[in-house]
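1. Task: produce atomic coordinates for the following.
(one chain, ligands or ions: 1)
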Amino acid sequence: MKFYTLQNKQKLPAIGLGTWKSDTGKVGEAVLEAIKAGYRHIDCASVYGNEAEIGTALQTAFKEGLVKREDLWITSKLWNNAHESDKVIPALKQTLKDLQLDYLDLYLIHWPVAFKADVGFASKAEEFLTPEEAPIIETWKKMEEAYNNGLVKSIGVSNFSMKKLKDLLVDATHAPQVNQVELHPLLHQEELLEFCSNNSIILTGYSPLGSSDRSQEMKKDNEPNLLENEVIVSIAKKHNCSPAQVLLSWHLSRGTAVIPKSTNPRRIKENLESYQISLTEEDLQKIKTLDKGYRYVDAKFFEVPNGPYKNIYDE
Ligand code: A2P
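-> Just a heads-up that it's a prediction; the model follows:
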């Protein structure tokens, strides 16, 4: 297994199990399968609605002696309705309670977007808090407090553009250790990657396989299918591996972590085994030609009429 050493010397396992879209009733078993297969990194979030089941699975793993707490890396994320200063630590404590843990390895601000506290998913302008009402730096200060008091070993952000990272770095006492963003061969984000490596921020890629299990309303017509992309398929044939393994191995070749989601035991194992595949310079050159800046998760769902958030990714 490959690890990335963060600025604070914590070691992030390069491949983690994604749990976005993993249904309750299935996610617990998936986490146990993953741990048995050798995963030591599980990516969670309160908004996925499945942390309690993951917590039960983790307890089972500890009790059965499959793994020790200190050998696991557990990430979770602060949802948009808990950005206000008095909401951050309580939201983190709820996640810790659900996951049945006394600390997280990494806690991320899920989006640079704030909702009012009683709103699950904002769909009207009045359900949002503006950046002035909930400044991201105030939320970040609370993340730093959680870091300082040991509730979390590392802190970071998700879905932050280079501009938003730069703004945050101006007033942050502790820089984010990680930025989790969408990454795959159709979306290389080279400039962001370069900025993050220059600032010792590790990028973690979500939707590495194209997230085809997203709900229909999140999908555009005629979305490209990454797993059937002919360049990816031809590289997979050459290495005698699966297209998913090529997509995941590509992350390791760029120094980014990656969190493929699966609830299928065979695919969970297959995805972890992608670290055994070494893409050649020629493969990487071919994959370079696929970059279209294409996003499966375009964040347009936060852009409501007269709402405070536009162009979330600053592009
Ligand atoms: P499943 O959970 O049934 O395995 P992403 O990680 O980009 O969000 O993609 C998740 C989607 O990719 C899910 O539909 C998941 O289905 C599927 N998937 C996960 N691993 C593989 C794999 N190795 N080969 C093909 N599809 C996969």
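2. Next SSE downstream of the top helix by length along the chain?
-> Determined from DSSP state H, the single longest helix within the chain is helix 85-99. Sequence-wise, the next helix or strand downstream of helix 85-99 (DSSP states H and E) is strand 106-109.
3. Let me see the mean pLDDT of that next one.
-> Summarised as a single mean, pLDDT over strand 106-109 is 98.
4. And stretch 258-272, by the same measure?
-> The predicted model gives stretch 258-272 an average pLDDT of 98.
5. So Ser262 sits against Leu272, correct?
-> No. Between Ser262 and Leu272 there is no contact under C-beta atoms under 8 Å: 9.9 Å. C-betas here are computed from N, CA, C, even on glycine.
6. Identify the residue of the stretch 1-150 of the chain closest to the ligand, quick one.
-> Going by C-beta to the nearest ligand atom, the ligand is nearest to Gly18 of the stretch 1-150 of the chain, at 4.9 Å.
7. Which residues are in contact with that residue?
-> By C-beta atoms under 8 Å, 6 or more residues apart in numbering, the residues touching Gly18 are 43, 206, 259-262.
8. unless I'm mixing things up, Lys310 is touching Glu303, no?
-> Yes. Counting by C-beta under 8 Å, Lys310 does reach Glu303; the two are 5.6 Å apart.
9. Looking at these two now, which is surrounded by more residues?
-> Taking other C-beta atoms under 10 Å, Lys310 and Glu303 do not tie; Glu303 has more neighbours (14 against 10).
10. And the more buried one, how far from the ligand?
-> Per C-beta to the nearest ligand atom, to the nearest Å, Glu303 is found 22 Å from the ligand.
11. OK, contacts around that residue?
-> Glu303 sits next to 309-312 when contact means C-beta under 8 Å, 6+ apart.
12. What of Thr95?
-> The contact partners of Thr95, by C-beta under 8 Å, 6+ apart, come to 44, 46, 51, 76, 104, 107.
13. same thing but 6 Å
-> By C-beta atoms under 6 Å, 6 or more residues apart in numbering, the contact set of Thr95 is 46, 51, 76.
14. wait, doesn't the last one sit right on Cys44?
-> Put plainly, it is Ser76. Yes. If you go by C-beta atoms under 6 Å, Ser76 and Cys44 touch, sitting 4.5 Å apart.
15. now the helices: where do they sit in the chain?
-> Remark: helices assigned in the chain by DSSP H are 27-37, 51-63, 85-99, 136-148, 162-171, 190-198, 230-239, 243-254, 265-272, 281-288.
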